[in-house]
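>>> Predicted model and sequence follow; I will ask about them next.
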Amino acid sequence: EAGVAQSPRYKIIEKRQSVAFWCNPISGHATLYWYQQILGQGPKLLIQFQNNGVVDDSQLPKDRFSAERLKGVDSTLKIQPAKLEDSAVYLCASSLGGPSTDTQYFGPGTRLTVL
Amino acid sequence: QQQVKQSPQSLIVQKGGISIINCAYENTAFDYFPWYQQFPGKGPALLIAIRPDVSEKKEGRFTISFNKSAKQFSLHIMDSQPGDSATYFCAASNYQLIWGAGTKLIIKP
């Protein structure tokens, strides 16, 4: 079974530029998550999709971050414009059901450096 | 109240020893408590999980102990091996997974 795919693996941009990350979840997984992991910290949930609908985006900085999940499969996360404090690893995860019932499977992440 | 507090921040254990990582929570609505293991450059991977109706769960060398009244749970790694060197995260969930800050475990050969 193929795992969660993410691209790119690394990205370096200057502040105020825009950047987009892509995620392909495990086939058949209804729930998709985007997390931000700052060095030395645990993952912080940015947004959770159930199929192609948003379940929770309470911690997504909506003035600069946006995310969509097309046709309930792939997802993109965009930052525009980026700030220095956005430097982090962005993790995508997927699960069959919700976070209290099913295992979340993580991709390798995208390491973003904002200069 | 949505926090999960994890300790220690880092831990060094001799090969063959027991590694113990502790977590505490406040929200009694949490009903799922997983532990994730993360190697450098990789995403976290589920190690073992427990629900509050069970006080202990063991899978191989890994055991979760759960104390509902104290609102604490811990991970024990028996016969720790150099390959166990990683960062370990506890988490708790009701409708959203809340993560601890992580413990960097180093097993010395």
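It's in. Numbering: from 1, shown residues only, chains lettered A, B, ... in the order given.
>>> Residue A:39: how many residues sit nearby?
Neighbourhood size, residue A:39 [other CB atoms under 10 Å in any protein chain shown]: 8. All C-beta spots, glycine's among them, are computed from the backbone N, C-alpha and C.
>>> For it, which three-state class applies?
The local conformation at residue A:39, judged by DSSP: H, G, I helix; E, B strand; the rest coil, is coil.
>>> For it, give me its contacts.
Contact analysis of residue A:39 by CB atoms under 8 Å, 6 or more residues apart in numbering or on different chains lists A:88-89.
>>> and what of residue A:17?
Neighbours of residue A:17 in contact, by CB under 8 Å, 6+ apart: A:81-82.
>>> and it, backbone torsions?
Torsion angles at residue A:17 (phi, psi; degrees, to the nearest 10) stand at phi -80, psi 170.
>>> what do you get for residue B:82?
Dihedral angles of residue B:82 (phi, psi; degrees, to the nearest 10) stand at phi -50, psi -30.
>>> got the contact list for it?
Residues counted as contacts of residue B:82 (CB under 8 Å, 6+ apart) are B:15, B:107-109.
>>> Go through stretch A:106-113 and flag the buried ones.
Burial within stretch A:106-113, assessed by neighbour count using 16 or more other CB atoms under 10 Å in any protein chain shown, is assigned to A:106-112.
>>> quick check, nearest of these to chain B?
residue A:106 (2.9 Å; CB to the nearest CB).
>>> Quick one: mean pLDDT over stretch B:12-23.
When pLDDT is averaged over stretch B:12-23, the result is 98.
>>> Just the endpoints, please. Distance across it?
The first and last residues of stretch B:12-23 sit 18 Å apart, counting by CA to CA, to the nearest Å.
>>> circling back: quick one: which of the contacts of residue B:82 is most hemmed in?
Busiest of those [other CB under 10 Å] is residue B:107, holding 20 neighbours.
>>> nearest spatial neighbour of residue B:34, skipping sequence neighbours?
Of all residues not flanking residue B:34 in the chain, residue B:49 sits nearest, at 3.8 Å (CB to CB, 6 or more residues apart in numbering or on different chains).
>>> which helices and strands does the helix or strand bottoming out on mean pLDDT in chain B pack with?
Taking mean pLDDT, DSSP states H and E as the measure, the helix or strand of chain B with the lowest value is strand B:97-99, at a mean of 91. Counting contacts by 3 or more CB pairs under 8 Å, 6 or more residues apart in numbering or on different chains; DSSP states H and E, strand B:97-99 packs against strand B:86-93.
>>> what does the strand it packs on contact?
Residues outside strand B:86-93 that contact it (CB under 8 Å, 6+ apart): A:42-43, A:99-100, B:4, B:6, B:21, B:23, B:25, B:27, B:30-39, B:44, B:47, B:73, B:75, B:97-100, B:102-105.
>>> If any of these are buried, give me the ChimeraX selection for them.
Buried subset of those, written as a ChimeraX selection, criterion 16+ other CB under 10 Å:
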select /A:42,43,99,100 /B:4,6,21,23,25,30,32,33,34,35,36,37,38,44,47,73,75,97,98,99,100,102,103,105
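>>> Near chain B, which residues of chain A are found?
Selection of chain A residues close to chain B by CB under 8 Å from any CB of the partner chain yields A:4, A:40-45, A:48, A:56, A:91, A:93, A:98-101, A:103-109.
>>> Direction included, what does the least confident helix or strand of chain B pair up with?
Using DSSP bridges, the strands paired with strand B:97-99 are strand B:86-93 (antiparallel).
>>> The partner strand: how far from the chain's middle?
When distances are taken as CA atoms, centre = their mean, to the nearest Å, strand B:86-93 is centred 5 Å away from the chain's centroid.
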